[in-house]
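*Asks:* Make a model of this:
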Amino acid sequence: MGEINNFILKHERKILIIICSVVFVYFLVLSSAIETQWAQDSHWYMSLTKNIVSESKYSLDGRTPFGQYPPGFSLLLLPLYLMVKNIHIAGLIVVGLFSLLTILITYKIGKIYSPLVGLVAVILLMFHNLFIFNTVSVMTEIPFMFFSLLGLYLFIRGFENPNYFVFAFPVIAFSCLVRYAGFFLIFPMLFYSFVNWNKTKKIIFSDKIIVGILLGLFMFLSWCLRNFLAFGNPFYTSYYNRSFEGILSFFAFGKLFFELGFVFPLFALFGIFCLIKSRNKEILTFLVWFIFYFILHASWWGGGVFRFYVGILPVICLFSSFGIINVARRFKTRKKSFVFISIILSLIILSQLFIFFSGVINHETTIKTLDRYASIKHVSEWANQTLPENSIYFVPDIAVYSMYLPREKIIYYGDGLNNLLQNPSLVEKTFLFADTLHTWITEPFLNGEKGTIRIPLSSGKSLVLQTSLVKKEEYKDRYTILLNVTNIGIQ
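*Replies:* This is a model prediction of the structure:
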């Protein structure tokens, strides 16, 4: 493998430029083909960023302080949004940029072991359906990939050159502000400090570490100050109500590991086995990161949610790369090893592209899911152009619908219905949106397409709305309806 590594090193810049160019091209193609995002969370992040500018508050509705997501991702979106004035375009550009940076840091980490490990890991990552999908997904997955990997990489490099610690701790702190899962980086950091204990004792109180820690604390404590002022608790988060999900959650999340591809996860498991045998401290540190990330999401944060694997995907690609190369080393000649690697990479690439375009294994992260909120956008645009200026819109999620409708015209279902009961004269200008993208909220309201909506009340009676269908827009496997409310009463 030595000659292959030397070839990669000799042409490293050209190879990385080609890889980044391929990623940039498919990012441009996908981003130009979508009008909206695919998830409620995406719209929440975009609304939070818009409200920082328009309302000067980190809030979904412009009034109530928001405590669920930390502000890191919105802060990344903010400068570009101020420049381009379009939050969706700003979000796509930011995520696209960090996609390219994630490619580069993944190669850097793999190169710690060998350039070939880094290159194979990058090829696996750039063609993985989850990565392709998330390059145009305005979510925290890609930024968290980058900052968590960069922070841990800089921390490891700090044992060779303490100057890296000045940057490592602020980057790790910012990864916590992108997603709270970043706190679990403490475990691989402790592991690497322990296995390098002789170096740790010499540098633990160095000025570079102290400066880095102080910078990181300043960043995170600024967020704590905001929480104290907003909620009276510096460590407030709505995740407090999360509890241990039970041992079955581990099996559920573990099962999803095998939905990462057809043969890809098998090579990753073999790579983990080979990695443990290699005793490479640096790469083993990323295995420790994977283990604790897995424990966190399997036990507390959504054991059955497939997309939580995205944040750790580059590390899994490193494992799979390690597995493929260790199998290739069993061949007697360099040519056979190269042919084996080429064939396996080709099979994995083709299979991942098949998953992305066909929707097999997991339909949530395929081309069929991109742009899923387009029906809401289309109906909203029709309402803006067609309905009277004084119209009032009842919606299931203000953060989502405010992307496409004037904020002053929209009101949440519950508040809107209460106002309508108290002021029946508003019926003639009241319209109601319902969609199959928020069915946990909209399910009873979708019946309005048939003319009647019944909502059970605690008293045993029902709130009844008479409606007429004004507009229906279908997009892929989802749809949005716009209803005119013609009467309201309690029966």
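
*Asks:* name the element the closest residue to residue 87 other than its chain neighbours belongs to?
*Replies:* Once flanking residues are discounted, residue 87 sits nearest to residue 46: 4.5 Å by C-beta to C-beta, 6 or more residues apart in numbering. Backbone N, C-alpha and C define where each C-beta goes, glycine included. If you go by DSSP states H and E, residue 46 is part of helix 40-54.

*Asks:* Do I have it right that the residue nearest to residue 87 meets residue 86?
*Replies:* No. Using C-beta atoms under 8 Å, residue 46 makes no contact with residue 86, being 10.0 Å away.

*Asks:* of those two, who's got more company?
*Replies:* More crowded of residue 46 and residue 86, by other C-beta atoms under 10 Å: residue 46, with 24 against 12.

*Asks:* Now do the contacts for the more buried one.
*Replies:* Contacts for residue 46 (C-beta atoms under 8 Å, 6 or more residues apart in numbering) come out as 37, 77, 87-88, 91, 138, 403.

*Asks:* if you set the cut-off to 7 Å instead, what comes out?
*Replies:* 87-88, 91, 138, 403 (C-beta atoms under 7 Å, 6 or more residues apart in numbering).

*Asks:* ok, now residue 271?
*Replies:* 319-323, 326.

*Asks:* nearest spatial neighbour of it, skipping sequence neighbours?
*Replies:* Leaving aside its chain neighbours, residue 271 sits nearest to residue 323 (3.1 Å; criterion: C-beta to C-beta, 6+ apart).

*Asks:* next one: residue 270
*Replies:* Among residues not flanking residue 270 along the chain, residue 323 sits closest, at 3.8 Å (C-beta to C-beta, 6+ apart).

*Asks:* That neighbour: how many residues sit nearby?
*Replies:* Look at residue 323: counted by other C-beta under 10 Å, it has 25 neighbours.

*Asks:* per-residue confidence for the residue nearest to residue 271?
*Replies:* pLDDT for residue 323: 96.

*Asks:* ok, now residue 254?
*Replies:* Looking at residue 254, its pLDDT stands at 89.

*Asks:* Check the secondary structure at it for me.
*Replies:* Secondary structure, DSSP: H, G, I helix; E, B strand; the rest coil: residue 254 is helix.

*Asks:* which helices and strands does the helix or strand bottoming out on mean pLDDT in the chain pack with?
*Replies:* When the helices and strands of the chain are scored by mean pLDDT, DSSP states H and E, helix 247-257 comes last with a mean of 84. Other helices and strands packing on helix 247-257, by 3 or more C-beta pairs under 7 Å, 6 or more residues apart in numbering; DSSP states H and E, are helix 281-299.

*Asks:* so residue 35 makes contact with residue 375?
*Replies:* No. Contact between residue 35 and residue 375 fails when scored by C-beta atoms under 7 Å: they sit 10.4 Å apart.

*Asks:* Have a look at the two and say which one is more surrounded.
*Replies:* Neighbours per residue, other C-beta under 10 Å: of residue 35 and residue 375, the larger number sits with residue 375, 22 against 13.

*Asks:* Wait, that one touches residue 478, no?
*Replies:* Yes. Counting by C-beta under 7 Å, residue 478 is a contact partner of residue 375 at 5.8 Å.

*Asks:* so what sits against both of the two?
*Replies:* residue 435.

*Asks:* backbone phi and psi for the closest residue to residue 360 other than its chain neighbours, please?
*Replies:* Distances taken as C-beta to C-beta, 6+ apart put residue 354 closest to residue 360, at 7.2 Å, once the chain neighbours are dropped. Dihedral angles of residue 354 (phi, psi; degrees, to the nearest 10) stand at phi -60, psi -40.

*Asks:* Residue 485 too?
*Replies:* Residue 485 adopts backbone torsions of phi -80, psi 120, taken as degrees, to the nearest 10.

*Asks:* pLDDT at it, what is it?
*Replies:* Residue 485 is assigned a pLDDT of 94 by the prediction.

*Asks:* So what sits opposite the nearest residue to it once chain neighbours are set aside in the bridge?
*Replies:* Among residues not flanking residue 485 along the chain, residue 430 sits closest, at 4.4 Å (C-beta to C-beta, 6+ apart). Per DSSP bridges, residues listed as beta-bridge partners of residue 430: residue 392.

*Asks:* Tell me where this protein has strands.
*Replies:* Counting by DSSP state E, the chain has strands at residues 392-395, 410-412, 430-435, 452-456, 462-475, 478-490.

*Asks:* ranking these by burial, who's on top?
*Replies:* Neighbour counts (mean count of other C-beta atoms under 10 Å) averaged over each of the strands of the chain peak at strand 430-435, with a mean of 24.

*Asks:* other SSEs contacting that strand?
*Replies:* Judged by 3+ C-beta pairs under 7 Å, 6+ apart, the packing partners of strand 430-435 are helix 374-386, strand 392-395, strand 478-490.

*Asks:* by contact count, what packs against the second one?
*Replies:* If you count contacts as 3+ C-beta pairs under 7 Å, 6+ apart, strand 392-395 packs onto strand 410-412, strand 430-435.

*Asks:* Run the chain-centre distance for the longest one.
*Replies:* Averaging C-alpha positions (C-alpha atoms, centre = their mean, to the nearest Å) puts strand 430-435 29 Å from its chain's average.

*Asks:* How about the first one?
*Replies:* Chain-centre distance of strand 410-412: 27 Å, with C-alpha atoms, centre = their mean.

*Asks:* Pull up the pairing partners for that strand, direction included.
*Replies:* Within its sheet, and counting by DSSP bridges, strand 410-412 is paired with strand 392-395 (parallel).

*Asks:* which residues are contacting the strand it pairs with?
*Replies:* The contact list for strand 392-395, computed with C-beta under 7 Å, 6+ apart, reads 383, 401, 405, 409-413, 416, 426, 429-433.

*Asks:* quick one: which of those residues is nearest to residue 274?
*Replies:* Nearest to residue 274 among these: residue 401, at 50.6 Å, using C-beta to C-beta.

*Asks:* for the chain, what are the low-confidence residue spans?
*Replies:* Within the chain, the segments meeting pLDDT under 70 span 1, 238-246, 301-304.

*Asks:* Nearest the middle, which residue of it would you pick?
*Replies:* The centroid of the chain falls nearest to residue 141 when counting by C-alpha atoms, centre = their mean (2.8 Å).

*Asks:* Quick check, that one in contact with residue 312.
*Replies:* No. At 9.8 Å, residue 141 does not count as touching residue 312 under the criterion of C-beta under 7 Å.

*Asks:* Give me the common contacts of the two.
*Replies:* With C-beta under 7 Å, 6+ apart applied, the contact sets of residue 141 and residue 312 do not overlap.

*Asks:* Spell out which residues sit in contact with the residue nearest to residue 381 when sequence neighbours are not counted, please.
*Replies:* In space, and not counting its chain neighbours, residue 381 is closest to residue 404: 6.6 Å by C-beta to C-beta, 6+ apart. Shown in contact with residue 404 (C-beta under 7 Å, 6+ apart): 376-377, 380-381.
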